[in-house]
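Enquirer: How does the following fold in three dimensions:
(one chain, ligands or ions: 1)
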Amino acid sequence: MDVGRIRQDFPILRRSFYGHPLAYLDSAASSQKPTVVLDAEREFYEERNANVHRGVYALSEEATDAYEKARERMARFLHVRDPQEIIFVRGTTEALNVVAAGLGRTRLKHGGRVITTVMEHHSNIVPWHMLREPTGLDLRFVDIDANGRLKLDEYDSLLDATAKVVTLSHVSNVLGTLNPVREIADRAHAAGSLVVVDAAQSAPHRPIDVEALGADFAAFSGHKTLGPMGIGGLWGKSELLRERPPFMGGGEMIRSVHTDRVEYADPPAKFEAGTPNVAGACTLAVALDYLERVGWDDMASHERALLERAYRIAAERFSGTVRIFGPPISDGHESVLCFTVKGVHPHDVATILDREGIAIRSGHHCAQPLMERLQVPALCRASVYLYNTPEEIDRLFAALEKVLTVFAV
Ligand SMILES: Cc1ncc(COP(=O)(O)O)c(C=O)c1O
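Expert: Numbering: from 1, shown residues only. Have a look, this model is predicted:
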């Protein structure tokens, strides 16, 4: 994989901050966008802009056609046979809210157990918390071991006859742990539970096969996957989508509306009330094409080499000062590297790195239960993607030397 060539596709990477070229190590928060994606968004508005599913005129039909082709593209990405099982949403957060709210009015109406994990992003915790009061559901969290892997024996003990939903991230946005989703899903199904997969951190790095994962619902965000903000995908098995009540009411999601009753359209329309983000959907399709052209396997080995380099430098030069969280690279650790620097608050680390042109994230990473579990107030997070270079990893650690000097650690 020619990273130098790839970087030329990302105009923002030409920027400098404080006299240093930008080293963007925050793709887990949001990825940068290649020119083809930027062009696609513009092209949609220049050539195809009209509302979808409404007009009988040619331009509206073109827009509708492009939107539905984007749905087919997303279905291929998720290895889904029926594109009608794909719902366009704003992102993972909206997708998980759609799922939780729907289940809250059906399967979980009278309570039952929802099993999630202590490593989840708030978007896979809060929607379930919101159901506790109206349904009385019993929300349980699977703990992690010292390496940041889920304790599967604990999961088994939680998976009793009251368990109705198991919901977890494919890859943790903090620990980088690649969870054994299939194994977890098989056990959940055997116990009569549904499985919801948050693929926000895996979809940017690998094609997702929802069937192979054993999911009943899966969600991802376009903006972390080289696509624009405000678009993402929710997949659900068609029989489950049919059973669920809609999330929002409005135009496009109905078959008929009367003064005394309303009949809903079939999925996906039932879950896409109002004018959708058509440009976003079409542009995301272009982003997925781009990733496929780069090649998932090449990208994965490139990212792995970057993480291995980071681990090696940390072990050789920072053994008493930089602590890395999550499993070893050889044991299913993907794309994100969370760490602390001894005696220095993560916000201070990130601020000093910023002055070196290095963008990392610091804070609780929308995973406060995990911060509590790890007994840390916050963490630094460097995350890598296809456009990052070994030199950027070296710059990260050179800047960490400075942090240690400034704070006289
Ligand atoms: C694991 C995980 N789930 C969900 C989300 C929420 O994604 P979004 O903000 O795009 O809805 C994120 C975002 O960082 C994430 O990392």
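
Enquirer: next structured bit after the helix or strand hosting residue 351?
Expert: Taking DSSP states H and E as the criterion, residue 351 maps to helix 346-355. On the C-terminal side of helix 346-355, the closest following helix or strand by DSSP H and E is strand 358-359.

Enquirer: what does this structure put close to the ligand?
Expert: Neighbours of the ligand within the chain, by C-beta under 6 Å from any ligand atom: 91-93, 121, 123-124, 169, 173, 198, 200-201, 221, 223. Backbone N, C-alpha and C define where each C-beta goes, glycine included.

Enquirer: Could you pick out which of those residues are located in strands?
Expert: Secondary structure from DSSP state E places 169, 198, 221 of the residues of the chain next to the ligand in strands.

Enquirer: how about those residues in CSV, adding neighbour count and pLDDT?
Expert: Below are those laid out as CSV (neighbours: other C-beta atoms under 10 Å; pLDDT from 0 to 100):
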residue, neighbour count, pLDDT
169, 28, 98
198, 33, 98
221, 29, 98
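
Enquirer: Residues contacting stretch 103-114, please?
Expert: With C-beta atoms under 8 Å, 6 or more residues apart in numbering as the test, stretch 103-114 has contacts from 128, 130-131, 134-140, 158, 160, 162-167, 194, 243-245.

Enquirer: Now the buried members of these.
Expert: Buried residues within the contacts of stretch 103-114, defined by neighbour count using 16 or more other C-beta atoms under 10 Å: 128, 131, 135, 137-138, 140, 158, 162-167, 194, 244.

Enquirer: Got phi/psi on residue 154?
Expert: The phi/psi pair for residue 154 (degrees, to the nearest 10) reads phi -70, psi -40.

Enquirer: And it, how far from residue 145?
Expert: From residue 154 over to residue 145 the distance is 10 Å, taken as C-beta to C-beta, to the nearest Å.

Enquirer: Compare these two (neighbour count), which wins?
Expert: Remark: of residue 154 and residue 145, residue 154 carries more neighbours, 17 against 11, as counted by other C-beta atoms under 10 Å.

Enquirer: which SS class is the closest residue to residue 211 other than its chain neighbours?
Expert: What sits nearest to residue 211 in space, not counting adjacent residues and going by C-beta to C-beta, 6 or more residues apart in numbering, is residue 79, at 6.2 Å. Here residue 79 is recorded as coil under DSSP: H, G, I helix; E, B strand; the rest coil.

Enquirer: one step back: now do the helix holding residue 351: which elements does it pack against?
Expert: strand 361-363, strand 379-383, helix 390-406 (3 or more C-beta pairs under 8 Å, 6 or more residues apart in numbering; DSSP states H and E).

Enquirer: circling back: report the lowest-confidence entry in the buried ones among the contacts of stretch 103-114.
Expert: Among the buried ones among the contacts of stretch 103-114, residue 244 has the lowest pLDDT, at 91.

Enquirer: That residue: what's it in contact with?
Expert: 102, 103, 105, 106, 236, 271.

Enquirer: Just the ones in strands from the residues you listed, please.
Expert: residue 236.

Enquirer: Out of the contacts of residue 244, which comes closest to the ligand?
Expert: residue 271 (15.9 Å; C-beta to the nearest ligand atom).

Enquirer: Wasn't residue 133 part of a helix?
Expert: Yes - assessed by three-state DSSP, residue 133 belongs to a helix.

Enquirer: That one: how many residues sit nearby?
Expert: Using other C-beta under 10 Å, the number of residues around residue 133 comes to 8.

Enquirer: so how far is stretch 318-338 off the chain centroid?
Expert: Distance, stretch centre to chain centre, for stretch 318-338: 20 Å (C-alpha atoms, centre = their mean, to the nearest Å).

Enquirer: quick one: the residue of the stretch 201-350 of the chain found nearest the ligand from residue 68, how far?
Expert: Nearest residue of the stretch 201-350 of the chain to the ligand (C-beta to the nearest ligand atom) works out as residue 221 at 3.3 Å. Taking C-beta to C-beta as the measure, residue 221 falls 21 Å from residue 68.

Enquirer: surely residue 100 meets residue 134?
Expert: No - look at residue 100 against residue 134 with C-beta atoms under 8 Å: they stay out of range, at 11.2 Å.

Enquirer: ok, the residue nearest to residue 211 - contacts?
Expert: Per C-beta under 8 Å, 6+ apart, neighbours of residue 79: 207, 208, 209, 210, 211, 212.

Enquirer: Are any of the residues you listed buried, and if so which?
Expert: Among the contacts of residue 79, those buried by neighbour count (16+ other C-beta under 10 Å) are 208, 210.

Enquirer: In JSON lines: the contacts of residue 79, plus pLDDT, secondary structure and distance to residue 3.
Expert: Output for the contacts of residue 79, formatted as JSON lines (pLDDT from 0 to 100; DSSP: H, G, I helix; E, B strand; the rest coil; distance: C-beta to C-beta, whole Å):
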{"residue": "207", "pLDDT": "90", "secondary structure": "coil", "distance to residue 3": "21"}
{"residue": "208", "pLDDT": "97", "secondary structure": "coil", "distance to residue 3": "24"}
{"residue": "209", "pLDDT": "98", "secondary structure": "coil", "distance to residue 3": "27"}
{"residue": "210", "pLDDT": "98", "secondary structure": "helix", "distance to residue 3": "30"}
{"residue": "211", "pLDDT": "97", "secondary structure": "helix", "distance to residue 3": "33"}
{"residue": "212", "pLDDT": "98", "secondary structure": "helix", "distance to residue 3": "29"}
